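J.: Need a 3D model of the sequence below.
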Amino acid sequence: MEESFKSLLDSARSILILLPTNSNLDTTASGLSLYMALKEGRSVAISASSPITVEFNRLIGINKIATELGNKNLVISFYDYEASDIERVSYDIEDGRFRLTVIPKQGITAPTKEQIKLAYSGVSADTVILIGGASDKHFPSIFSKDLSGAKLIHIGNRELISDPSRGIISFSGMAASLSEVVLSLITEMNLSVNPDIATNLLMGIESATDNYKSPEVTPGTFEITASLMRAGGRRFAAAGLNYENFPPGAIPGQIPLPQTQQSQHKVVKPQTPIMQEEVEESEKLETMEEPPSDWLQPKIYKGTSIS
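T.: Presented below is the predicted three-dimensional model:
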C-alpha cells in the first residue's frame with residue numbers, strides 16, 4: 001500500500017528540503033512555500049545545491065535557504081592564519097554560557113574577527129524532499145554519506161529520472177508549474193496558506209507560465225491563482241513594466257509632466273495632397289521680385305511732337 005505525502009511527513013523527525021542545481025524561480029518559490037508551511041511544529045531546513053541568484057531576492061523567506069547541506073555541527077575555522085601558531089584551545093562554561101578560547105603561541109597575535117568563519121556540517125534529517133529537477137544528478141547532496149539512510153521524496157511537475165535502487169518516492173503531477181503541485185500537497189496536509197506562502201506561489205506560477213501565456217495553462221491554473229489571491233497573495237507580474245514608456249495620462253491618477261519635461265518626440269501630421277497647379281503657382285510667387293517703390297504712385301505721360 002502506497003503511503004500518502006501526509007503520512008510520510010507525519011512520521012518524519014527532521015526534514016530537509018533540497019533545491020536542485022540552477023534552480024529557477026518556480027522551483028525556488030515552491031521550496032520556500034513548502035518550507036514555510038511545514039516549519040510550524042516541525043524541524044525543517046531548506047538548502048540549495050548551487051548559489052541563489054539575485055533575481056530571486058523578491059521571494060519571501062529567501063534568506064532561509066542555506067548554502068550548507070545541514071546544520072548538525074557548528075564548524076569554526078580560521079582563514080589566512082597558520083594552524084601551527086596556535087598553542088592550544090580550551091573551553092569552559094560560565095553562567096551557563098559556553099566559551100571557547102584560542103591561545104596562540106608566545107609572541108604571536110591571536111586570530112582577528114575577520115579571519116574567523118562559522119559554518120555548519122552534517123545532516124540530521126531522516127526525510128529529504130527533492131524539489132523539481134529533471135534527474136537525481138541535479139541533487140548531488142543525496143550521494144553523500146550524511147544522507148545515505150534518509151528517506152527520499154520527490155515533488156515535481158515532471159517525472160524525475162533516477163536510479164530505481166535509490167528508492168525515491170515520487171509525488172509528481174502534470175501541471176503548468178511546480179507551484180501548483182506544491183499547493184495541492186499543502187492542501188492535502190491541511191496546512192494553512194498565509195499571504196506570504198500565497199505570494200510566493202503566485203510568483204512561481206507567473207514565472208513558469210510566462211504570465212499565463214504558456215499553452216500548458218489549464219482552467220485549474222486560474223482556479224489556483226484565484227484561491228491564492230483570496231488567501232492574500234500579491235501579484236508582481238507588472239513589476240517588469242517600464243512606466244516611462246507609457247504616454248502621458250495613460251496611467252490613472254498620474255499627473256502629466258510639463259511639456260518641457262516630456263520626451264521630445266516630433267509628431268508628424270499627415271498632409272493633404274497638393275495639386276500640381278498649386279505647386280507651380282506657389283513656385284511663381286516665390287520667384288517674384290519686390291515691385292519698385294514708385295510703382296503705385298500716379299504716372300504723368302508727356303506727348304511728343306511729330307514733325
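J.: which SS state does Leu16 fall under?
T.: Classification of Leu16 by DSSP: H, G, I helix; E, B strand; the rest coil places it in strand.
J.: Strands along the stretch 151-300 of the chain, start to end?
T.: In order along the chain, the stretch 151-300 of the chain carries the following strands (DSSP state E, counting those that start in this stretch): 151-155, 169-170.
J.: And for the first one, what's in contact with it?
T.: Read it as strand 151-155. Where contact means C-beta atoms under 8 Å, 6 or more residues apart in numbering, the residues beyond strand 151-155 that reach it are 5, 8, 12, 30, 34, 126-133, 142, 160, 162, 166-172, 178, 181-182, 185. All C-beta spots, glycine's among them, are computed from the backbone N, C-alpha and C.
J.: Buried ones in it, by neighbour count?
T.: If you call a residue buried by 16 or more other C-beta atoms under 10 Å, then strand 151-155 has these buried ones: 151-155.
J.: Report the residue spans of this structure with pLDDT below the cut-off.
T.: For the chain, the stretches flagged by pLDDT under 70 are 1-2, 69-73, 119-123, 237-307.
J.: Find the centremost residue of it, please.
T.: Most central residue of the chain, judged by C-alpha distance to the mean C-alpha position with C-alpha atoms, centre = their mean, is Phe56 at 3.1 Å.
J.: What separation do you get for the spatially closest residue to that one that is not a sequence neighbour and Ser11?
T.: In this structure, Phe56 finds its nearest non-sequential neighbour in Thr28, 5.2 Å apart by C-beta to C-beta, 6 or more residues apart in numbering. Per C-beta to C-beta, to the nearest Å, Thr28 is found 27 Å from Ser11.
J.: Neighbour count: these two, which is higher?
T.: When Thr28 and Ser11 are compared for neighbours, Thr28 comes out ahead with 28 against 11, by other C-beta atoms under 10 Å.
J.: what kind of secondary structure is that one in?
T.: Three-state secondary structure (criterion: three-state DSSP) places Thr28 in helix.
J.: so Ala12 touches Asp126, yeah?
T.: Yes - here Ala12 reaches Asp126: they are 6.0 Å apart, a contact under C-beta atoms under 8 Å.
J.: For these two, indicate the residue with more neighbours.
T.: Set side by side, Ala12 and Asp126 show more neighbours around Ala12, with 21 against 16, by other C-beta under 10 Å.
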